[in-house]
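> sequence first, then the predicted structure:
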Amino acid sequence: MQTRTLKLSDSFINILVNLPESGMGYQLVKVILKSGIVLHQHKVLNSELLMLEENENITVKDIDKIELERRK
């Protein structure tokens, strides 16, 4: 399956920049949409590019919160 990227807004970037990386240059996050849908285990590159699957059609305006995924 192909992935695409979504450039996050400055407000989300500012939050993620201050959080630890999950690996070299990326963070694994939980994306909470305003609709109540939660997207788990999504990668954000350099605190600004959210990686989406090709079937995930969301925009920055659809995002309510982004949090780091808890380590298992």
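Received it, and whenever you're ready, just let me know what you need.

> from here on, just use CA atoms for contacts and neighbour counts.
Will do.

> give me the nearest residue to the most centrally placed residue in the chain, chain neighbours excluded.
Centroid-nearest residue in the chain, with C-alpha atoms, centre = their mean: Leu50, separated by 4.5 Å. Excluding the flanking residues, the one nearest Leu50 by C-alpha to C-alpha, 6 or more residues apart in numbering is Val44, at 4.4 Å.

> which outside residues touch stretch 62-72?
Applying C-alpha atoms under 8 Å, 6 or more residues apart in numbering, the contact partners of stretch 62-72 are 12, 19, 27-35, 40-41.

> what of stretch 12-20?
Contacts for stretch 12-20 (C-alpha under 8 Å, 6+ apart): 27, 47-48, 66, 68.

> what two of the residues you listed have the greatest distance between them?
Glu48 and Leu68 (13.5 Å; C-alpha to C-alpha).

> and the contacts of the helix or strand of the chain with the lowest mean pLDDT?
When each helix and strand of the chain is scored by mean pLDDT, DSSP states H and E, strand 3-7 comes last, with a mean of 92. Residues from elsewhere that reach strand 3-7 (C-alpha under 8 Å, 6+ apart): 48-54, 59-60.

> highest neighbour count among the residues you listed?
Neighbour counts for these, by other C-alpha atoms under 10 Å, peak at Leu50, which reaches 22 neighbours.

> go ahead and confirm that residue touches His42.
Yes - assessed by C-alpha atoms under 8 Å, Leu50 is found in contact with His42 at 7.2 Å.

> isn't Ile32 up against Leu39?
Yes - the pair Ile32 / Leu39 is scored as a contact, 6.5 Å apart, by C-alpha under 8 Å.

> can you show me the strands along the chain?
Secondary structure of the chain (DSSP state E): strands at 3-7, 26-33, 38-45, 49-53, 63-68.

> point out the most buried one among these.
Highest mean neighbour count of the strands of the chain: strand 26-33, a mean of 20 (counted as mean count of other C-alpha atoms under 10 Å).

> what does that one rub up against?
By C-alpha under 8 Å, 6+ apart, strand 26-33 touches 20-22, 38-47, 62-69.
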